[in-house]
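Visitor: based on what follows, work out the 3D shape:
(chains A and B)
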Amino acid sequence: MEFVAQHPILVVSLIKIVVLLFLLMTALAYVTWFERKVVARIQSRIGPLYVGAHGLLQPLADGVKFLFKEDVTPPAADRFVYVLAPFLALSLGLATIALIPFGPATIMVLGVPTQMGIANVSLGLLFVFAITSMGVYGVALAGWSSNSKYPLMGGLRSSAQMVSYEVSLTLSVVGVVLLAGTLNFNDLIAYQSGHWRYVRFLPHWNVIPQFVGFLCYFISAIAETNRVPFDLPEAETELVAGFHTEYSSFKFAMFFMAEYANMITVSCLATILFFGGWLSPFPERWTWQLYIPGVGLILGGILLAYDTAMNQRGIARIQLAVVTIGALVIGAACLLPSVMPVVQGPFWFLLKLLGFLFFYVWTRGTLPRFRYDQLMDFGWKFLLPVSLANLVITAFVVMVLNR
Amino acid sequence: MTLPIILFFVFAAIAVIGALMMIFFREPIHSALALILVMVALAVLYLLLGAEFIAAVQIIVYAGAVMVLFVFVIMLLNAGEEERTNISKLAHYVGWPLGIFLTVELVYWMLRAPIGARATTATIAPGDPTRDLSMLLFRSYLFPFEITSILILIALIGALVLAKRDS
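Guide: Numbering: from 1, shown residues only, chains lettered A, B, ... in the order given. A predicted model of the protein is given here:
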C-alpha cells in the first residue's frame, strides 16, 4: 500500500490498463460473433448456433482452435520480421484505446479519483493518428517477410491503400478540429454539448455542420481498416488471402483481432468527433433519461428470460439463464442512485459504438468489392478533393463567424 | 532517480542501439525497421521534454509517412542484401579520423555545458504549447513556412517529371 500512496497515478493507470485490456479483448471476441450473426441474417442464414446458446461460446471455441493449430513458418520467410508483424499489428491496434474517454464521471480506483479512460492527453486526436499511421507496418511487413508472391502483392496493395486513404481520413477530421478549436477528446465532446438554438430537438453534434466531413471520414475509415468494399489487400478471389496467406494458428488470429481492434478504434473516433461521444441525445432537463440504461437492460433481460424459458433446451438453457441473470442484475445496479450518474456516459458511448459496428457489418453484407484502380481513383480523385473543399469551406465559415 | 529520468535513459539507449543496428544490418528492410525504432524513441524523448506536438508530428511524419515510403520502395524493388565494396577510397582514409574528431568534439561540448543542472531546473512555459507554436509558424514565420511548402511542391513536380521522362 505504501507503493500505491507514493505512485498513485502509476498504479491506478496500470489497473485501468489491465481492466480495459480485458474488456477490449472480450469485446473483440464478441464483435466477431456479432458480425457473423448479422451477416448471416443479411444473407438469410442463421449463423453460429451450436456452441452455446445462440452460438455465444463460438468466440471461445475459435480461440481454443487457433491456439491448438499447428504454427507453420515458411522456410523462406524472414523469421524475425515474420514474427514481429502480427505483434506490431495487434499492439498498435490495441494501443489507441488508451486515449479514448468513455464517460465524464470521475471514478474511484483504490481511493484515487480518476477519469474513465486511461489517459487524457491534451493532443489526443494527434496521438491517435500517430498510432494509426504506424498501423500499416503490420500488414506491409507481413506481406514482405512471408517471401511469397500473394502476400507480397497484398502487402504492397495495402501499403498503397492505407497511405492514400490516411490523407483524406486526416483531412476530413480537421473540419471538426477547426470548429471546436481543440485536439483534446474531452474538449471536443464538451463542444458538442447542448442543442441547436433554432432547432431545439437536434443535439449540437458535429455530424450536422460537418456531414460531408463525416461521410469522408467514414469511407476513408473503412478503407483504412481494410474492410469490404475496400478489402483489396485480402481479396480472396485474386490473392488467396493477401498479406496473411502464409500465417497460421495464433499469428493469423492476431491479424484477425487487429482488424477488429482497428474497427473499434475508428468507430470510437467517429463517435467522439461527430456524434458527441458520451453525450445523451436528449436535453438535460429531461431527467427521466437517467433511467434509460437500467430500464433498457432490464427489458433486454426480460426478453432473454422469455427466450430461455420458451426456446432453449438442456445446457443452452442454463447458459442463457446465466446471461439473463447478468443482464437483470446489471440493469438493477444501473438504477441505484449512486451508480446511475456514472453509467450514463459509457452507456451512450457504447450504444453509438455498437451502431457504428453494425454499420460496418451492414456494408460488408451489402456492397461488392472495388477494383484496385477504382479504389485508387476514388481515394485520390474524389475523396481527397471533397475533404479538402470541406476543410476550406469550414475554415472560411469559422473565420467569418469569429470576426 | 525519478521516473522521467529512468525513461529518458531507457529510450536514449534504445535510440542509440537502433541507430547502430541501422548501420550494421545488411538487409535493407531490417535497417529500415531499426530506423523506425530510432524515430519512435526520439518521439518519446520529445514527449519527456513536454513537447507533445513535436512528438506526435515526429511519429506521424517520420515513422508513419516517410518510413512507410521507404519500406514500400524496398518491397517494390525487392532489394536484396547490400554488398560490401571497397570502392570509396575517400571514406576509407577520411572516415575514421573524421568520426573520432566529431566524437571528441561532442564529448568536449557535453562536458562544458552544465546539462544536468539545466535540465532539472527547466520548466515548461505556461499556456498551450501547440497554440504558441502555430502562432509562431503562421504569424512570425509565415513567409519562410510558405516558401518551404513551395520548395516541397517543386521537388514533387520535379520527381514526377523525371519519372515520366522515359515513357
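Visitor: mind listing what's buried along the helix or strand harbouring B:Phe72?
Guide: B:Phe72 is part of helix B:67-77, with elements assigned from DSSP states H and E. Residues of helix B:67-77 classed as buried: B:67-68, B:70-72, B:74-75 (neighbour count, 16 or more other CB atoms under 10 Å in any protein chain shown). Just so you know, the C-beta spots here come from the backbone N, C-alpha and C atoms, and that holds for glycine as well.
Visitor: then stretch A:25-33?
Guide: A:27-29, A:31-33.
Visitor: find the residue at the geometric middle of the chain.
Guide: You didn't pick a chain, so chain A it is. By CA atoms, centre = their mean, chain A has its centre lying nearest to A:Ile264, at 0.9 Å.
Visitor: please go with chain B instead
Guide: B:Met39 (5.8 Å).
Visitor: how about B:Val40, nearest residue that isn't a chain neighbour?
Guide: Once flanking residues are discounted, B:Val40 sits nearest to B:Ala63: 5.6 Å by CB to CB, 6 or more residues apart in numbering or on different chains.
Visitor: wait, is A:Asp113 part of a helix?
Guide: I think there's a mix-up here, since residue A:113 is Pro and not Asp. No. Counting by DSSP: H, G, I helix; E, B strand; the rest coil, A:Pro113 is not part of a helix but strand.
Visitor: quick check: A:Tyr191 vs chain B, distance?
Guide: Note on A:Tyr191: its distance to chain B, by CB to the nearest CB, to the nearest Å, is 16 Å.
Visitor: ok, now which ones touch the nearest residue to that residue once chain neighbours are set aside?
Guide: Nearest residue to A:Tyr191 in three dimensions, chain neighbours excluded: A:Ala180, at 3.9 Å (CB to CB, 6+ apart). For A:Ala180, the contact set (CB atoms under 8 Å, 6 or more residues apart in numbering or on different chains) comprises A:187-188, A:191-192, A:206.
Visitor: swap in A:Leu178?
Guide: A:391, A:394-395, A:398.
Visitor: and the residue of chain A that's closest to chain B?
Guide: Here the residue of chain A nearest chain B is A:Ser133; by CB to the nearest CB that distance is 2.8 Å.
Visitor: surely that residue meets B:Gln58?
Guide: No. Taking contacts as CB atoms under 8 Å, A:Ser133 lies outside contact range of B:Gln58: 11.2 Å.
Visitor: compare those two and say which one has the larger neighbour count.
Guide: A count of neighbours by other CB atoms under 10 Å in any protein chain shown puts A:Ser133 above the other of A:Ser133 and B:Gln58, at 25 against 21.
Visitor: and chain A, which of its residues are near chain B?
Guide: A:7, A:10, A:78, A:80-81, A:84, A:121-123, A:126-127, A:129-131, A:133-134, A:136-137, A:140-141, A:143-145, A:152, A:155-156, A:159-160, A:163, A:166, A:183 (CB under 8 Å from any CB of the partner chain).
Visitor: which residue ranges make up each domain of chain B?
Guide: Here the domain parsing of chain B from automatic domain parsing is B:3-124, B:127-167.
Visitor: how about these in TSV, adding mean pLDDT and distance to A:Phe22?
Guide: TSV is the format used below for the domains of chain B (pLDDT from 0 to 100; distance: least, CB to CB, whole Å):
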stretch	mean pLDDT	distance to A:Phe22
domain B:3-124	82	25
domain B:127-167	86	34
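Visitor: and stretch A:140-152, how far out from the chain middle?
Guide: 27 Å (CA atoms, centre = their mean, to the nearest Å).
Visitor: same question for it, mean pLDDT?
Guide: Mean pLDDT, stretch A:140-152: 82.
Visitor: mind saving the C-alpha coords of it as CSV?
Guide: The C-alpha coordinates for stretch A:140-152 follow below in CSV (Å, rounded to 0.1, in the frame of the first residue of the first chain):
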residue,chain,number,x,y,z
ALA,A,140,3.3,-4.4,-45.1
LEU,A,141,5.9,-6.4,-43.2
ALA,A,142,3.7,-9.5,-43.0
GLY,A,143,3.5,-9.3,-46.8
TRP,A,144,7.2,-8.9,-47.3
SER,A,145,8.5,-11.3,-44.8
SER,A,146,6.4,-14.3,-46.0
ASN,A,147,8.6,-14.3,-49.1
SER,A,148,5.8,-15.5,-51.3
LYS,A,149,4.1,-13.8,-54.2
TYR,A,150,0.5,-13.4,-53.0
PRO,A,151,1.4,-11.9,-49.6
LEU,A,152,3.8,-9.5,-51.3
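Visitor: so what touches it?
Guide: A:74, A:76-78, A:81-82, A:84-86, A:88-89, A:153-156, A:158-159, A:233, A:239-247, A:255, B:29, B:33, B:68, B:71-72, B:74-75, B:78.
Visitor: go with 7 Å
Guide: With contact meaning CB atoms under 7 Å, 6 or more residues apart in numbering or on different chains, stretch A:140-152 is reached by A:74, A:76-78, A:81-82, A:84-86, A:88, A:154-156, A:158-159, A:239-240, A:242-247, B:29, B:71-72, B:75.
Visitor: which of those residues are buried?
Guide: A:74, A:77-78, A:81-82, A:84-86, A:88, A:154-156, A:158-159, A:239-240, A:242-247, B:29, B:71-72, B:75.
Visitor: which ones among those lie within helices?
Guide: A:81-82, A:84-86, A:88, A:154-156, A:158-159, A:239, B:29, B:71-72, B:75 (DSSP state H).
Visitor: picking up where we left off before, export the buried residues of helix B:67-77 to a markdown table and tack on distance to chain A?
Guide: Converted to a markdown table, the buried residues of helix B:67-77 look like this (distance: CB to the nearest CB, whole Å):
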| residue | distance to chain A |
| --- | --- |
| B:Met67 | 8 |
| B:Val68 | 5 |
| B:Phe70 | 11 |
| B:Val71 | 6 |
| B:Phe72 | 5 |
| B:Ile74 | 8 |
| B:Met75 | 5 |
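Visitor: on that earlier part again, kindly indicate which of the ones in helices among the buried ones among the contacts of stretch A:140-152 lies nearest A:Tyr198.
Guide: Of all those, A:Tyr198 sits closest to A:Ser158, with 45.6 Å by CB to CB.
Visitor: for the closest residue to chain A within chain B, phi and psi?
Guide: For chain B and chain A, the shortest gap (CB to the nearest CB) falls at B:Gly64, measuring 2.8 Å. Backbone torsions for B:Gly64, taken as degrees, to the nearest 10, come to phi -90, psi -20.
Visitor: okay, buried residues for the strand or helix carrying A:Ile189 please.
Guide: In this assignment (DSSP H and E), A:Ile189 forms part of helix A:185-191. Residues of helix A:185-191 classed as buried: A:185-186, A:188-191 (neighbour count, 16+ other CB under 10 Å).
Visitor: which strands or helices does the helix or strand following that helix pack on?
Guide: The helix or strand immediately downstream of helix A:185-191 is helix A:211-224, counting by DSSP H and E. Judged by 3 or more CB pairs under 7 Å, 6 or more residues apart in numbering or on different chains; DSSP states H and E, helix A:211-224 is in contact with helix A:149-180, helix A:249-274, helix A:384-401.
Visitor: 6 Å - rerun?
Guide: The contact analysis (3 or more CB pairs under 6 Å, 6 or more residues apart in numbering or on different chains; DSSP states H and E) places helix A:211-224 against helix A:149-180, helix A:384-401.
Visitor: A:Thr106: what secondary structure?
Guide: Secondary structure of A:Thr106, per three-state DSSP, is strand.
Visitor: correct me if wrong: it contacts A:Gly117.
Guide: No. At 11.3 Å, A:Thr106 does not count as touching A:Gly117 under the criterion of CB atoms under 6 Å.
Visitor: more neighbours, those two?
Guide: Using other CB under 10 Å as the criterion, A:Thr106 and A:Gly117 rank with A:Gly117 on top: 21 against 10.
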